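1. Pasting a predicted model and its sequence here:
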Amino acid sequence: MMARYRVIADWNATYKDPISLEAGEQLWLTGKTDAWDGHVWVWAKNKAGKSGWIPDTLVETRAQKCFARTAFSALEMTCYQGQELEVIVQTHGWALCKAPHGVAGWVPLKNLRLVGSEK
């Protein structure tokens, strides 16, 4: 069962056409990194040539080539204060959420509070 969270601060999706990767897909790293709430994100390019931020733990190196450990989409969700979402998974300061109408995407954890734990 997924945990229910309430949005405590609006979030607007940053990228209209984000990077996505299939499990095992080769990817290329640019060397650009970013720290988000203490977590490392790396700028990567997929086989289709689309670039974007991915969690550093997603990258597996074999024979001096990089591959995606699991499938990943950087699709973010625009959401608004007071909205309730189900959290599917959390990583690197973000939560993959699902809205009641079925839309799914990533939201920063700092914009969410577990329902029932609000002060």
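-> In hand now; what should we look at?
2. ok, now which ones touch I19?
-> Applying C-beta atoms under 8 Å, 6 or more residues apart in numbering, we find I19 in contact with 44-46, 50-54, 73-74. (C-beta placed from N, C-alpha, C; glycine too.)
3. Can you pick out the most distant pair from these?
-> K45 and S73 (15.0 Å; C-beta to C-beta).
4. which one of the contacts of I19 is nearest C66?
-> For the contacts of I19, the residue nearest C66 by C-beta to C-beta is A44; the value is 7.6 Å.
5. W36 and L109 touch, don't they?
-> No. Here W36 does not reach L109: they are 9.9 Å apart, not a contact under C-beta atoms under 8 Å.
6. which neighbours do these two share?
-> Residues touching both W36 and L109 comprise 93-94, with contact defined as C-beta under 8 Å, 6+ apart.
7. Any figure for the gap between G24 and Q81?
-> According to C-beta to C-beta, to the nearest Å, G24 stands 39 Å off from Q81.
8. same question, D37
-> Distance check for D37 against Q81: by C-beta to C-beta, it reads 20 Å.
9. G93 too?
-> G93 is 19 Å from Q81, by C-beta to C-beta.
10. who's more crowded, the two?
-> G93 (16 against 11; other C-beta atoms under 10 Å).
11. So for that one, what's the nearest residue that isn't a sequence neighbour?
-> Once flanking residues are discounted, G93 sits nearest to D37: 3.7 Å by C-beta to C-beta, 6 or more residues apart in numbering.
12. One more: M77?
-> G105 (3.0 Å).
13. surely that neighbour meets E76?
-> Yes. Under the criterion of C-beta under 8 Å, G105 makes contact with E76 at 5.0 Å.
14. anything in contact with each of these two?
-> Shared contacts of G105 and E76 (C-beta under 8 Å, 6+ apart): A13.
15. Which helix or strand contains G116?
-> Counting by DSSP states H and E, no helix or strand carries G116.
16. Could you check the pLDDT of the spatially closest residue to W36 that is not a sequence neighbour?
-> In space, and not counting its chain neighbours, W36 is closest to G93: 4.9 Å by C-beta to C-beta, 6+ apart. Model confidence at G93, given as pLDDT, is 95.
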